[in-house]
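Colleague: Starting from these lines, generate the structure:
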Amino acid sequence: MRNSKLIVWACDNLTRIFPMDKPPEKKSNASWSMCGAKGEYCSFQVGIHTDIRLLDVEVTAAPLKKGKDKIGEKCFDVKWVGLVPVASDLFNPAGAERPNYTPGWYPDPLLEKAPWKDSEPSRSASVFVVIRIPQNARPGTYKGNLSVCVQKKSKIKIPVTLRVWPFSIPKKSDFSVTNWFHPDCVSKWHRCAPWSARYWRLLEEYAKDMAEHRINVITTPVLMGNFHNSDPMTLVDIVRKKDNTYRFDISRLDRWVKLFDKYGFKYFEMWHFLSQADGKYAPPFGLYDEKKKKNIWYSKLPSTSKEYVNLMTAFLPELSKWLSARDLTGRFLMHVFDEPKPDFWAHYAKMSLMFRTLAPGIKHLDAISKSDIITGFKADIDIPVPLTTHLEDDDGYYKKRATQGVKPVWWYTCCGPTGRYANRFLSMPLINGRMLFWQSYVFNVSGYLHWGYNFWHRTNQQESGVPGITLYADHTLVNPYREQPDQWAAGDACIVYPHPRWWEDHGPMGSLRYEALRAGLQDYEMLSLLDKLLLNLSAKPGSKKARAIKDGKLLLETVRGSFAGSLTKFSRNNRQMLDLKQKIGDCISRLC
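Modeller: From the prediction side, this is the model:
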């Protein structure tokens, strides 16, 4: 739709609209239609091409109506799409969305205000629209309008149609999702004391936001914080008494558990008890020594030292007792150390056994590479978390284990894989981040791990220029709207952004990639729901239900085949993904 100086169009939620993009010529972009299940978050974008000041442009939503039923304004979230710098494509640019656009500015953060003031010469921007379908919404077709106004005078309306399916997206998922949360980044950005009353208010905003995006596993800094960090916040205070025994204050941990329980979190993922890759040291931590009458800080306490072993021997049984009394043992997960290198697999197996002996009911999980650490070195890992690439290249161990479905397998992405693999880097197509969860369904993995929910730290490596340091983070933050840590691909360190008004109590600002993650997790639920229906249903040959069952099986064959059946040769066609998702939803509706 066109005004004299304003061109507006609707588009899908997987297309990045860059400032230099031209508006489409097709009139078919003048409206938007979509489908969704009850409880689902549906989304699309509005492109705006103009030379008018963006600050004078306002986008508002009206209720969607179906007779007397409506989906009101409170179910809408309308945000401007901002821009962040991308210095280079990737470590391997083969998978980049627009290889010629870097270094440059990429659309990603979702903002309350327009991303720039003026638009001369004419440029394109976009608004991201999320519609939450209430759980009690009646099935059927709802219609309404989105309005684009200039100085509250000139108005362009975009007709919006939403067809609500007669089934719900499950509130609780069998699929586990952890994006590592860094609590100190929130404290530092908002300039508030760790564990202060204000901090707990902020923490609740973050917990609510994670739950709304289907993240259901929370990293929990029990005794140690994240190994990336040189000044972690922890939940348990340690006192070493005069007789060299220990006392532990678990009150903050108790409050933490109650808060995340409120939002339906499934697991509490304790941070690693040993240093990354080699497990030689404990992560940095502190305690109060009664004999010396002062706080003592340990930055490199050897993992085999008597002091560390005594601490673990005291703490883990007490933690186990506390968990057992609250029926939490099965919901706490333990990391030994992250990404153990082959030279330290024997050490990993030894320390894992020690922790298992001290806390026998707590499950172990870790990001690992080759399955030899389990099959050859007998490392006792309840939930191995290989890099996504290893589902195809590790002699089939993980793939076979996942397919059998008896022992769980999660998988992870981080600074890799790159190239033609799916990941969530800023310069990759948004469909890649969403595709991860179609592939999760295809490869039968039961969880996904990523290290960077809100890692806004400036790094020691950035300061010193020396690679290979042990502790990445120093005591200050970057502004992720303007800077990305340069030793990782842009977008790896965080998927959310801090609220610009740090002095107010707000949760994070989302991103296009964060919305792609949520959409992918909702897709996973629909795939799983269709799969379960097909396993449990039978029908008279030739009946409508029999035809629906046949169609459902063909849809899942397509998903497991050309669409998502390969980790590198998957579909990158936005329209195909959205059409396939709609067909799956329609098929479920026929079977319900």
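Colleague: Double-check Ile549 against Leu537; I have them as touching.
Modeller: Yes. In this structure, Ile549 is within contact of Leu537 by Cβ atoms under 8 Å, at 6.1 Å. Any C-beta I mention is one placed from the backbone N, CA and C, and that applies to glycine too.
Colleague: Which residue of these two possesses the greater neighbour count?
Modeller: Ile549 (19 against 13; other Cβ atoms under 10 Å).
Colleague: need the contact list for Glu97.
Modeller: Arg16, Ser427, Met428, Pro429 (Cβ atoms under 8 Å, 6 or more residues apart in numbering).
Colleague: repeat that for 10 Å
Modeller: Glu97 sits next to 16, 18, 89, 106, 425-432, 572 when contact means Cβ atoms under 10 Å, 6 or more residues apart in numbering.
Colleague: For Gly552, give its distance to Asn536.
Modeller: 12 Å (Cβ to Cβ, to the nearest Å).
Colleague: what residues are shared contacts of those two?
Modeller: Leu591.
Colleague: shared neighbours of Ile549 and Leu537, anything?
Modeller: Here Ile549 and Leu537 have Leu591 as joint contacts, going by Cβ under 10 Å, 6+ apart.
Colleague: Low-confidence ranges, the chain, go.
Modeller: 1-4, 27-28, 89-93, 118-120, 229-231, 460-475 (pLDDT under 70).
Colleague: for it, what's the longest strand?
Modeller: Across the chain, the longest stretch assigned as strand under DSSP state E is strand 154-168.
Colleague: Nearest the geometric middle of this protein, what residue?
Modeller: Asn179 (4.8 Å; Cα atoms, centre = their mean).
Colleague: Was I right to think it contacts Cys414?
Modeller: No. Using Cβ atoms under 10 Å, Asn179 is not in contact with Cys414, being 11.2 Å away.
Colleague: what do the two both touch?
Modeller: Leu449, His450, Trp451, Gly452.
Colleague: Which one of these is nearest to Leu580?
Modeller: Top of the list for closeness to Leu580, among the shared contacts of Asn179 and Cys414 and by Cβ to Cβ, is His450 at 24.7 Å.
Colleague: other SSEs contacting the helix or strand just after the longest strand of the chain?
Modeller: Using DSSP states H and E, the next helix or strand after strand 154-168 towards the C-terminus is strand 176-179. Applying 3 or more Cβ pairs under 10 Å, 6 or more residues apart in numbering; DSSP states H and E, one finds that strand 176-179 contacts helix 197-212, strand 217-220, strand 267-270, strand 410-412, strand 447-450, helix 512-536.
Colleague: Quick check, His499 in contact with Leu202.
Modeller: Yes. With contact defined as Cβ under 10 Å, His499 reaches Leu202; the gap is 9.4 Å.
Colleague: out of these two, which sits in the more crowded spot?
Modeller: For His499 versus Leu202, neighbours defined as other Cβ under 10 Å are more numerous around Leu202 (22 against 18).
Colleague: ok now do that one, which residues does it touch?
Modeller: Counted by Cβ under 10 Å, 6+ apart, Leu202 has contacts 183, 186-187, 189-190, 192, 196, 499, 504-508.
Colleague: got the contact list for the residue nearest to the centre of the chain?
Modeller: For Asn179, the contact set (Cβ under 10 Å, 6+ apart) comprises 210, 213, 215, 217-219, 424, 448-455, 494-496, 514, 517.
Colleague: Taking these, please make a PyMOL selection of just the buried ones.
Modeller: The following PyMOL line selects those of these that are buried, judged by 16 or more other Cβ atoms under 10 Å:
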select buried, resi 210+213+215+217+218+219+424+448+449+450+451+452+453+454+455+494+495+496+514+517
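Colleague: how is this protein carved up into domains?
Modeller: Domains of the chain are assigned by automatic domain parsing as 6-168, 524-591.
Colleague: want to try JSON lines for the ones you listed, with distance to Lys400 as columns?
Modeller: Formatted as JSON lines, those follow (distance: least, Cβ to Cβ, whole Å):
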{"stretch": "domain 6-168", "distance to Lys400": "27"}
{"stretch": "domain 524-591", "distance to Lys400": "16"}
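Colleague: Count residues in the vicinity of Leu54, would you?
Modeller: The burial count for Leu54: 18, using other Cβ under 10 Å.
Colleague: Quick check: nearest residue in space to it, chain neighbours excluded?
Modeller: Nearest non-adjacent residue to Leu54, counting by Cβ to Cβ, 6 or more residues apart in numbering: Ala114, 3.7 Å away.
Colleague: how near is the one you found to Ile158?
Modeller: 18 Å.
Colleague: Just to check, Ala516 is in contact with Phe425?
Modeller: No. Ala516 is beyond contact range of Phe425, at 11.9 Å (criterion: Cβ under 10 Å).
Colleague: Overlap of the contact sets of these two?
Modeller: Contacts common to Ala516 and Phe425, judged by Cβ under 10 Å, 6+ apart, are Asn432, Gly433.
Colleague: Using PDB, write out every CA atom in the longest strand of the chain.
Modeller: The C-alpha trace of strand 154-168 is given here as PDB (Å, rounded to 0.1, in the frame of the first residue of the first chain):
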ATOM      1  CA  SER A 154      -2.400   9.900   7.300                       C
ATOM      2  CA  LYS A 155      -3.400   6.300   7.900                       C
ATOM      3  CA  ILE A 156      -2.700   3.100   5.900                       C
ATOM      4  CA  LYS A 157      -4.500  -0.100   7.000                       C
ATOM      5  CA  ILE A 158      -3.200  -3.600   6.600                       C
ATOM      6  CA  PRO A 159      -6.000  -6.200   6.800                       C
ATOM      7  CA  VAL A 160      -5.000  -9.100   9.100                       C
ATOM      8  CA  THR A 161      -6.600 -12.500   9.100                       C
ATOM      9  CA  LEU A 162      -5.900 -15.200  11.800                       C
ATOM     10  CA  ARG A 163      -7.400 -18.700  11.600                       C
ATOM     11  CA  VAL A 164      -7.300 -20.400  15.000                       C
ATOM     12  CA  TRP A 165      -7.000 -24.100  15.000                       C
ATOM     13  CA  PRO A 166      -9.100 -26.200  17.400                       C
ATOM     14  CA  PHE A 167      -6.100 -27.600  19.400                       C
ATOM     15  CA  SER A 168      -3.500 -26.100  21.800                       C
END
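Colleague: what angle separates it from helix 512-536?
Modeller: The directions of strand 154-168 and helix 512-536 differ by 30 degrees, with axes from the mean of the first three to the mean of the last three Cα atoms, to 10 degrees as the criterion.
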